[in-house]
Structures are given as structure tokens and as C-alpha cells.
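Student: the amino acid sequence is not available; the structure is as follows:
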């Protein structure tokens, strides 16, 4: 059963203590490394742990901050990087046995941005092999186990990230989301998982130089996981602020910055054609009812959860689909997953996509920003997620509505009493 653990601070809370010099980056890293030492052998959340490098970086951050050189809210914060993203001089394997000795010589763009902001990279998180699955049970270092019950899957493909954040192995992770790869494990493990508008967060440096699946090129989005929507806004600002200049591409248009959680009037469309078991449906209905009590304009709508446009043509119509879909509503509300989380045995026998992406994939297809936030528990004691989706470049409304939910609930403040 869930227990409230106030000692697991959010990124935003830890950052403020660092800024006030009430806690040291070295202390934070040491605490995270202690959790990793105690839990990672069982959970398999990390493929590579960078203990010595992280401690050295934390000492450097501490020195900078003590001398008045605080860089911002990520300075001194321990962060995990999904093992999809290249890290210079550090193995990047994507959970694939044949990449176990693959060592890039250059950081991915988002990794460079984390370093620039003063973030402490504590390790590379485990994932479903090559990102080709929604369960994270297939990896060359072993299956990621759900911290709420280690007999169950963590979701995928970013399962290691979700397990790491919910147990306190790090404060946030940088991930990818191609069919729900960030939002699904966030829902399964009870953390906040956000994917941005297509192209807003750079995907340059994902297995650079390796053959690329054309499908991934069209639907892969940058994503993050953390413990709150407030933390998500911090990460989004850091990762989107400079990526165009780093890549030497023209600045994107219509991007509302800085990203905030400020409450705003919004019209909510409660999706009625989502896919879900009765158990998921009951939890979702209670979550939606709570939001409806907060003075939003609410109506039921259908969403295009079964995309019917040829993938190579999708870039040409995304903007129009986005405008049409959100003409009468500002956000869509639907469950993240369709059923309760399977056991690892069920996931292994059910195939790489045995956790369905039916409720998440349309947001990738149409390039829409989307977030999954904890909204309750299934009968087997595992978390379930509520998904908020909006039109392209409308990140702030997604964050505002999701944050409003978290301000009136405590699901995101409950962490696993793991049977380790």
C-alpha cells in the first residue's frame, strides 16, 4: 500500500534549499547514491551509475554556489539520463546487448543543456531494448521492476526512469516518448511524465550514427519525468531555452515561454472514446469529476485515438489537426493506460507492447504536448495515470490544468513502500 514520504523532496524544493545554502549538492548526490546502492540491484533502474563523476560534479557545483555562482533551479540537482541519449565518454546502450560497449564521443543536445544548467548527471537509466516496447522487461541488464511491487512491470520504454524518480534515486530524468514511452511508465510507477510538442525538446544525439527507424523519426518526442508538474516546468525551461542555438537551427515560432504552472481558465474536453478496463475507467472517472468541481468549462468529446493519416504526410497536417481538434476545448482528459499494470511474467509472455499505447499514441502522431500525472491506484495496489493533452505549443495550459489537479490531490506525493 502507498505511504506518504515527505522526505522525498521535489526538484523545486531541493533547488530552493540549495539556493539558500541550506543543503549541499554533495548531500543530495550522496543520498541518491545510497538509494541506488540499496535498490538498483533489484529494480534495475540504472544501466550505468556515475558515482565518482557525480560526486566530483556535485563538489564543483557546491563551490560555485557558495561563491555566489548559482546558475538556476537545476544547479546541483541529481538527474538521470535515459540510455537512449549519447553521453560523451560514457556507454550509451539503449538496453541492447550489442551496444554494451558503445561509447559516444559527444553529448546529445539535451545532455549538454543539463550540464550547462549545472545539473548533476548521476547515471543512465534502463529502458526497453532499443525503445521497442512498452514494458521495459527486455534489456541487456535485466527487466526493470515496479517499485510498488517488484513482481510487476514498470512500463516502458522509459521504465528505469520512472522507477528511479519514484524511489529517490534521482530528482528527475530526461527521456523520450514515441508511443507513450515516458507517459506509460510514469503512470505505472506513480510519477509525473511529460512529452513536449514535437520538436520542442531536441532529439539530436539519440544513438548518433546508428541506423534510424523512419517511424521513430516521425513520432519521437523529447520528454521528462519528475515528481510534480512544478518540476516539469523547471525542466522544460532549461531544456527548451537554448536547444535551437546549440543545433544552429532557426528559432521555432509560436512557443510560449517561459513555461509556468500559473492557473488559467480552460475548457476541458473529457474524452469518451478512450480505451480502458472497468477498473481504469472507475479511477479515471473519479479524477475527472474532481477536476470538474474546480470551475472549469467541461464537455464530452471524441478524440482521434486511431490516427488515419499516412505517417510520411503527418508533418504537413499536424498544425491543422491541432487547430481543429482544439477549436472548442483547450485540453483533452483521458486515462494514460488502458488496463492495470501487468506482472513481469505477463509482460514477457505478452510481447513487447503488452501494455497498450492506445490512449497515448495519438498525441505522438499529431505532435501534441501531453502529460501523465498520478490519479489513484488499481486494486493490485499499483498507480494509474491521468493524461492531459493540448494543441501544439500550448504547453502552459497542459501544465496549468495538471498542476491544478495536483494542488487538490496528493497522489503525486505518495511513494512506494517497496517490498525489496
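Tutor: Cool, the structure landed. Note that this is a predicted model, so its numbers are computed, not measured. Numbers count the residues shown, from 1 in each chain.
Student: which residues of this protein fall in helices?
Tutor: 11-19, 25-43, 51-66, 109-116, 159-167, 183-189, 214-219, 229-240, 243-247, 278-292, 314-325, 344-350, 361-365, 395-407 (DSSP state H).
Student: which secondary structure elements does the fifth one contact?
Tutor: What that stands for is helix 159-167. helix 25-43, strand 46-49, strand 78-82, strand 120-125, strand 172-177, helix 183-189, strand 221-226 (3 or more C-beta pairs under 8 Å, 6 or more residues apart in numbering; DSSP states H and E). Bear in mind the C-beta positions are built from the backbone N, C-alpha and C, glycine included.
Student: low-scoring stretches of the stretch 301-420 of the chain, by residue?
Tutor: 416-420 (pLDDT under 70).
Student: do that again at 80, thanks
Tutor: Residue ranges of the stretch 301-420 of the chain with pLDDT under 80: 308-309, 416-420.
Student: ok, which of the helices of the chain comes nearest residue 383?
Tutor: For those, proximity to residue 383 was assessed by C-beta to C-beta; helix 183-189 is nearest, at 6.3 Å.
Student: okay, the helices and strands packed on helix 159-167 in JSON lines with mean neighbour count next?
Tutor: As requested, those are arranged in JSON lines below (neighbours: other C-beta atoms under 10 Å):
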{"stretch": "helix 25-43", "mean neighbour count": "20"}
{"stretch": "strand 46-49", "mean neighbour count": "22"}
{"stretch": "strand 78-82", "mean neighbour count": "29"}
{"stretch": "strand 120-125", "mean neighbour count": "28"}
{"stretch": "strand 172-177", "mean neighbour count": "30"}
{"stretch": "helix 183-189", "mean neighbour count": "35"}
{"stretch": "strand 221-226", "mean neighbour count": "29"}
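Student: nearest to residue 298, of the ones you listed?
Tutor: Going by C-beta to C-beta, the one of those nearest residue 298 is helix 183-189, 22.0 Å.
Student: just how off-centre is that closest one within its chain?
Tutor: Computed by C-alpha atoms, centre = their mean, to the nearest Å, the chain-centroid distance of helix 183-189 equals 8 Å.
Student: same deal with stretch 373-381?
Tutor: 18 Å.
Student: span of that stretch from start to end?
Tutor: One end of stretch 373-381 sits 16 Å from the other (C-alpha to C-alpha, to the nearest Å).
Student: do the same with stretch 141-156
Tutor: End-to-end for stretch 141-156, by C-alpha to C-alpha: 15 Å.
Student: show me what counts as buried in that stretch.
Tutor: Buried residues in stretch 141-156, counting neighbours by 16 or more other C-beta atoms under 10 Å, are found at 141-150, 152-156.
Student: which stretches of this structure have low pLDDT?
Tutor: For the chain, residues meeting the criterion pLDDT under 80 lie at 1-7, 241-257, 264, 308-309, 416-420.
Student: circling back to that earlier point, including distance to residue 200, could the helices of the chain go into JSON lines?
Tutor: Shown next, in JSON lines, are the helices of the chain (distance: least, C-beta to C-beta, whole Å):
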{"stretch": "helix 11-19", "distance to residue 200": "20"}
{"stretch": "helix 25-43", "distance to residue 200": "28"}
{"stretch": "helix 51-66", "distance to residue 200": "27"}
{"stretch": "helix 109-116", "distance to residue 200": "11"}
{"stretch": "helix 159-167", "distance to residue 200": "19"}
{"stretch": "helix 183-189", "distance to residue 200": "16"}
{"stretch": "helix 214-219", "distance to residue 200": "14"}
{"stretch": "helix 229-240", "distance to residue 200": "5"}
{"stretch": "helix 243-247", "distance to residue 200": "8"}
{"stretch": "helix 278-292", "distance to residue 200": "25"}
{"stretch": "helix 314-325", "distance to residue 200": "13"}
{"stretch": "helix 344-350", "distance to residue 200": "31"}
{"stretch": "helix 361-365", "distance to residue 200": "13"}
{"stretch": "helix 395-407", "distance to residue 200": "7"}
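Student: so which of those helices is nearest residue 98?
Tutor: helix 214-219 (17.8 Å).
Student: for the helices of the chain, which one sits closest to residue 389?
Tutor: Checking the helices of the chain against residue 389 by C-beta to C-beta gives helix 361-365 as the closest, at 5.2 Å.
Student: list the contacts of that closest one.
Tutor: Helix 361-365 has contacts (C-beta atoms under 8 Å, 6 or more residues apart in numbering) with 177-180, 195, 198, 219-221, 303-307, 309, 311, 314, 368-370, 389.
Student: I'd like to know which of these are buried.
Tutor: 177-180, 195, 198, 219-221, 303, 305, 314, 368-370, 389.
Student: which of these sit farthest apart?
Tutor: Pairwise over the buried ones among the contacts of helix 361-365, using C-beta to C-beta, the maximum falls at 220 and 303, 21.1 Å.
Student: could I get the buried residue list for stretch 98-117?
Tutor: Result for stretch 98-117 [16+ other C-beta under 10 Å]: buried residues 99, 104, 107-115, 117.
Student: which of the residues you listed lies closest to residue 74?
Tutor: Nearest member of these to residue 74, counting by C-beta to C-beta, is residue 117, at 4.0 Å.
Student: what residues are up against residue 70?
Tutor: For residue 70, the contact set (C-beta under 8 Å, 6+ apart) comprises 18-19, 64.
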